[in-house]
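> Quick one: sequence plus predicted model below, questions after.
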Amino acid sequence: MNDARLAAAPSLDDPGLRARMEDFLYLEADLLDDWRIEEWFAMFAEGATYEVPPTGDADETDPATSLFYIADDYVRLRERIERLKKKEAHSEFPRSRQRHMISNVRITGMEAGVAEVSCNFVTWRAKRGVVDTYYGKHRYRIDCTIRPWKIKAKRSILDMDMLYPGKLTIII
Amino acid sequence: MDTALVNPEIPSGDVDMVVEDRERHLFRVARRAFTEQSVLEREHDAIFDRCWLYLGHGSEIAGNCDFITRAVGGRELIFNRDRGGAVHAFLNTCPHRGAMVVRERKGNALSFRCFYHGWSFNVNGRFASRFEEGNYGKEHYGGGCADLAQVPRLESYRDFWFVNFDRNAMPLTDYLAGAREYIDLVADQSEAGMEVVGSGQQYRINANWKLLAENSIDAFHGFPVHSTYFDYLKNIGSLRMNSGNNDFTARGITDLGNGHAVIEYASPWGRPIARWVPSWGEEKRELVERLRQNLVQRFGEERGLRIAETSRNMLIFPNLVINDIMAITIRTFYPEAPDRMTVSAWALAARGEDSELRKLRLFNFLEFLGPGGFATPDDQEALENCQRGYRNRREVAWNDISKGMPRVGKPMNDDEEQMRCFWRQWRQRMAGAR
C-alpha cells in the first residue's frame, strides 16, 4: 500500500469517524432491503469473505474446523449473488421482503487503514405470511484507504440458540 | 382399493391412507396423513414409541464422563459415558420431582446434580446424595427408584447409537437389516474411525416430518430443484459427471427392509473420500489418490472404489438419514406439530483427516446441505409449499408416488420405489396403533 493512501485513511480518534462508518453500514443495509444485491456485492473488496458461524460457537471460530452455516470466500460469495438472481433459487422466488436494522456501531480498531467494526443487528424476512427474525452482531474489517471504502470481511454472529427460521437464504 | 383410486374419497383410517395397486401401477398417499393432529398422535404411539431412533454418534462423547443432552422421540435424554467409559442413555428428569437434571447441551462431569433440590447422581445414573438419617428410608437408596431412569433399550452399530422406548423391540441389528451394509460403507471410510465435526445444525421447517423423509432420498427432484447448485459446481469447476472407472448408476434403489431404503449413484461432485474434482487443485489430487488406493487395498477394487466414488442417500425408518454424498450428513427430524418439524443435522468425517481435506469436506457440506447452502433451502421451500398445498386436501386428496412401478427389473434411482418402501412400513406400523 502506498503511503499517500494510508495517510488519507482516517485515524481511530477522528471525531467524525463513527458517523461516516454508520453511513457506510446504513447504505449496506439499504441495498439489502431493496434487493440491490449486485451493488451490495460491489461493496466487498476482492478476496473478501462473508461468514455466518454456527450458533453457539465462539466468535473466533474457524470454518476450516467447524461446520458453518455460511463460509464464503470471494468466489462463493459471487456465486451466492449469481444464484440469488435466478428464478430457480426457489426459496427466494417470489422474493421475500426484508428489513435490516443495525445499531450499537463501534469501531474497535484501526490497523493500516483497515477498521475493525462491530454492530448489533436485527433482520426481518417476510414471505407467505411467515416472519423470520435473525439477530446478533456483525463484525467487519473495512478497508478505509480507498474510496469508496470496501468490506474485506463480514462475519454475522447469530445470537439465537438455534436457527428457528430454518434457512439463511437472504444476506442478513 | 379400486374404488379409492378411481373415485378417491377422503380416507378415515390410517391404513386407508396408503393405497397400492400393483396391477395398475398406482401408489397413492392421502394428504391427510400430513395434516391431521390425530395422525401425529398415532404416529407417536405406533412409530416413535416403537422404532429404533438415532441418539448420537459415539465420537460425540469421546472421553470418559463426556455427556450431551438431546431430544429424541419427544423425550429429553442424556447420552453419556461413565467413569469406566460405558455408554448410557438416561431420561433427563429427576426421579424426585421431575426437573431436567442436566441443562447444558454438552460437557464433562463426574456427577450430575439436579439444581431444584440438590439430588445428585453418579454418571452411571446411581443416586449419590447422602441425606442425614430421618430424611429417607432405607428403601430409598437401594431400590433404584432414586436413580436416573435408563432408556428402555440402548444399542449401537458401528458407533451409531440408537434408543428404543419399547422394551420388547427386536434387536437393533435385526431392525437395521440391509441398512447395515450401507452404514459399513460409511464406517469403513477410515481405519481411525469416524467422528462428528462441531456441534451440528438445528433448524425448523414448516412442514410435516414425512415430507423430509421422502425428500432426503428422492433423486427425482434433484435437477428441477437444484439446478442452481449444479450451475455453481459447473461455474467453479467442481462438476465431474463421469464416474471414472466404475459406473454404479445401475445400482439404483435398494429396499433394505423394515422401511429402510437407499439410492446409490455415480457422483457428479467431488468427495473428500475419495473422488477428486479439478476445483480442488492438483496438489490435492495426489492426496485423494492415496486415499483411494488405501481403500482399494483394504477392500479390493470393487468395494474400495464404491466407497470412494459413489454417493448414497439412505433413510432408516422412520427418521434417520445418512447421506454419503459430497460430504456425509447424519440427519434426524421430529414433528412438533403436523405442519412443523425440528431438524438436527451433523457432519461426519474421518477421524484424523488431513486438515485441507477436512476443510473441503466442510465447505462441500455447507455449499449444498446447510440452511445457508445452495440446495437445502430450496428443498425446504419445496416441503413448505407441499404443506401449504395440502390445504386443498378436501378437493385434491391424494399424492401420487407411482413413478417407476411399471419398470421391469431394478428401479432407477430417480424412481419412487424408496418412498414406497417408507410408506408400506408406515402403513404396517400404523395398523398397530392404539
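Thanks, I have it. Since we're looking at a predicted model, the values are computed, not measured.
> so where's chain A uncertain?
For chain A, applying pLDDT under 70 flags the ranges A:1-2.
> So which residue is smack in the middle of it?
Centroid check for chain A by Cα atoms, centre = their mean gives A:Lys154 as the closest residue, at 4.6 Å.
> A helix includes it, no?
No - applying DSSP: H, G, I helix; E, B strand; the rest coil, one finds A:Lys154 to be strand, outside a helix.
> what's across from it in the sheet?
Per DSSP bridges, the residues bridged to A:Lys154 are A:Tyr50, A:Tyr140.
> From A:His138, how far off is it?
Distance check for A:Lys154 against A:His138: by Cβ to Cβ, to the nearest Å, it reads 6 Å. Backbone N, C-alpha and C define where each C-beta goes, glycine included.
> just A:Phe41 next, same as before
Going from A:Phe41 to A:His138 by Cβ to Cβ gives 16 Å.
> B:Glu155 too?
Applying Cβ to Cβ, the value for B:Glu155 to A:His138 is 46 Å.
> which SSE is residue 39 in?
Just so you know, I chose chain A. Element membership of A:Glu39, judged by DSSP states H and E, is helix A:37-42.
> um, chain B though
Per DSSP H and E: B:Val39 is located in helix B:37-43.
> re earlier: spit out the contact partners of the residue nearest to the centre of chain A.
A:44, A:48-51, A:138-140 (Cβ atoms under 8 Å, 6 or more residues apart in numbering or on different chains).
> same check, this time on B:Val343
When contacts are counted by Cβ under 8 Å, 6+ apart, B:Val343 touches A:166, B:201-205, B:212, B:331-333.
> before we move on, the earlier item: list the pairing partners of the helix or strand that comes right after the helix holding B:Val39 within its sheet, with orientation.
As assigned by DSSP H and E, the chain's next helix or strand after helix B:37-43 is strand B:53-57. Here strand B:53-57 is paired, per DSSP bridges, with strand B:160-164 (antiparallel).
> how far away is A:Arg97 from chain B?
16 Å (Cβ to the nearest Cβ, to the nearest Å).
> hang on, that residue packs against A:Ala126?
Yes - the pair A:Arg97 and A:Ala126 qualifies as a contact (Cβ atoms under 8 Å) at a distance of 4.7 Å.
> Could you pull up the residues touching residue 52?
With no chain named, the answer covers chain A. With contact taken as Cβ under 8 Å, 6+ apart, A:Val52 is in contact with A:68-71, A:155-158, A:168, A:172, B:372.
> That was the other one, I meant chain B.
B:153, B:155, B:162-164, B:169, B:172, B:175-176.
> quick one on the thing from earlier: buried set for the helix holding A:Glu39?
For helix A:37-42, burial by neighbour count (16 or more other Cβ atoms under 10 Å in any protein chain shown) applies to A:37, A:40-41.
> Kindly report the same for stretch B:100-119.
B:101-102, B:106, B:112-114, B:119.
> Of all pairs in the residues you listed, which one is the farthest apart?
Put simply, by Cβ to Cβ the two of these set farthest apart are B:Lys106 and B:Trp119, 21.7 Å from each other.
> Flag every residue of chain B that's near chain A.
Within reach of chain A by Cβ under 8 Å from any Cβ of the partner chain, chain B has these residues: B:105, B:197-206, B:225, B:227-228, B:231-232, B:235-236, B:343, B:347, B:355, B:358-359, B:362-363, B:365-367, B:370-372, B:374, B:376-378, B:380-382, B:384, B:388.
> Check those residues for burial and list the buried ones.
Buried by 16+ other Cβ under 10 Å: B:197-206, B:225, B:227-228, B:231-232, B:236, B:343, B:347, B:358-359, B:362-363, B:365-367, B:370-372, B:374, B:376-378, B:380-382, B:384, out of these.
> Show me which residues of stretch B:38-48 are buried.
Within stretch B:38-48, the residues that count as buried by 16+ other Cβ under 10 Å are B:39-40, B:42-44, B:46-48.
> which of those residues lies closest to chain A?
B:Leu40 (19.2 Å; Cβ to the nearest Cβ).
> Which of the buried residues of stretch B:100-119 fall in strands?
B:106, B:112-113 (DSSP state E).
> still on that earlier bit, pipe the contacts of A:Lys154 into TSV and attach neighbour count and distance to A:Gly16 per row.
Compiled in TSV, the contacts of A:Lys154 are given as follows (neighbours: other Cβ atoms under 10 Å in any protein chain shown; distance: Cβ to Cβ, whole Å):
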residue	neighbour count	distance to A:Gly16
A:Phe44	22	24
A:Ala48	19	25
A:Thr49	19	28
A:Tyr50	20	28
A:Glu51	21	29
A:His138	20	21
A:Arg139	18	22
A:Tyr140	23	18
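> still on that earlier bit, JSON lines for the buried residues of stretch B:100-119, including pLDDT?
Below are these laid out as JSON lines (pLDDT from 0 to 100):
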{"residue": "B:Val101", "pLDDT": "98"}
{"residue": "B:Val102", "pLDDT": "98"}
{"residue": "B:Lys106", "pLDDT": "95"}
{"residue": "B:Phe112", "pLDDT": "98"}
{"residue": "B:Arg113", "pLDDT": "97"}
{"residue": "B:Cys114", "pLDDT": "97"}
{"residue": "B:Trp119", "pLDDT": "95"}
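> Look up how far B:Arg70 lies from B:Lys210.
21 Å.
> Compare those two and say which is more crowded by neighbours.
B:Lys210 (24 against 21; other Cβ atoms under 10 Å in any protein chain shown).
> hang on, that one is in a strand, isn't it?
No - with three-state DSSP as the criterion, B:Lys210 is helix rather than part of a strand.
> Which residues are in contact with the residue nearest to it when sequence neighbours are not counted?
Distances taken as Cβ to Cβ, 6 or more residues apart in numbering or on different chains place B:Phe34 nearest to B:Lys210, at 6.3 Å, with adjacent residues excluded. Neighbouring residues of B:Phe34 by Cβ under 8 Å, 6+ apart: B:207-208, B:210-211, B:338-339, B:386-387, B:390.
> let's go with 10 Å and repeat that
Going by Cβ atoms under 10 Å, 6 or more residues apart in numbering or on different chains, B:Phe34 touches B:17, B:40, B:207-211, B:338-339, B:383, B:386-387, B:389-390, B:393, B:399.
> just A:Ala42 next, same as before
A:31, A:36, A:81, A:148, A:150.
> Filter those down to just the ones in helices.
Using DSSP state H, the members of the contacts of A:Ala42 that fall in helices are A:31, A:81.
> Pull out the buried residues from the contacts of A:Ala42.
Here, 16+ other Cβ under 10 Å leaves A:31, A:81, A:150 buried among the contacts of A:Ala42.
> just the strands in the stretch 51-200 of chain B please.
For the stretch 51-200 of chain B, the strands defined by DSSP state E, counting those that start in this stretch occupy B:53-57, B:66-72, B:75-81, B:87-91, B:106-108, B:111-113, B:120-122, B:153-157, B:160-164, B:194-205.
> Tell me which of those lies nearest to A:Asn104.
strand B:194-205 (26.5 Å).
> Looking at the strands of the stretch 51-200 of chain B, spot the one closest to B:Gln418.
So among the strands of the stretch 51-200 of chain B, strand B:53-57 is nearest, using Cβ to Cβ, at 18.4 Å.
> Return the set of buried residues in stretch B:412-431.
Within stretch B:412-431, the residues scored as buried using 16+ other Cβ under 10 Å are B:412-423, B:425-427, B:429-430.
> chain center to that stretch: distance?
Relative to its chain's centre, stretch B:412-431 lies at 16 Å (Cα atoms, centre = their mean, to the nearest Å).
> Now do that stretch, average pLDDT.
Per-residue pLDDT over stretch B:412-431 has a mean of 94.
> mind saving the C-alpha coords of that stretch as PDB?
Taking Å, rounded to 0.1, in the frame of the first residue of the first chain, the C-alpha atoms of stretch B:412-431 are listed here in PDB:
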ATOM      1  CA  MET B 412     -33.900 -46.500 -11.400                       C
ATOM      2  CA  ASN B 413     -32.600 -44.100  -8.700                       C
ATOM      3  CA  ASP B 414     -35.000 -41.400  -9.800                       C
ATOM      4  CA  ASP B 415     -38.000 -43.700  -9.400                       C
ATOM      5  CA  GLU B 416     -40.100 -43.500  -6.300                       C
ATOM      6  CA  GLU B 417     -39.800 -47.100  -5.000                       C
ATOM      7  CA  GLN B 418     -37.700 -46.000  -2.000                       C
ATOM      8  CA  MET B 419     -40.600 -43.800  -0.900                       C
ATOM      9  CA  ARG B 420     -43.000 -46.700  -1.400                       C
ATOM     10  CA  CYS B 421     -40.800 -48.700   1.000                       C
ATOM     11  CA  PHE B 422     -41.200 -46.000   3.600                       C
ATOM     12  CA  TRP B 423     -45.000 -45.800   3.100                       C
ATOM     13  CA  ARG B 424     -45.600 -49.500   3.200                       C
ATOM     14  CA  GLN B 425     -43.800 -49.700   6.500                       C
ATOM     15  CA  TRP B 426     -45.700 -46.600   7.800                       C
ATOM     16  CA  ARG B 427     -49.000 -48.300   6.900                       C
ATOM     17  CA  GLN B 428     -47.900 -51.500   8.600                       C
ATOM     18  CA  ARG B 429     -46.800 -49.700  11.700                       C
ATOM     19  CA  MET B 430     -49.900 -47.500  11.900                       C
ATOM     20  CA  ALA B 431     -52.100 -50.600  11.600                       C
END
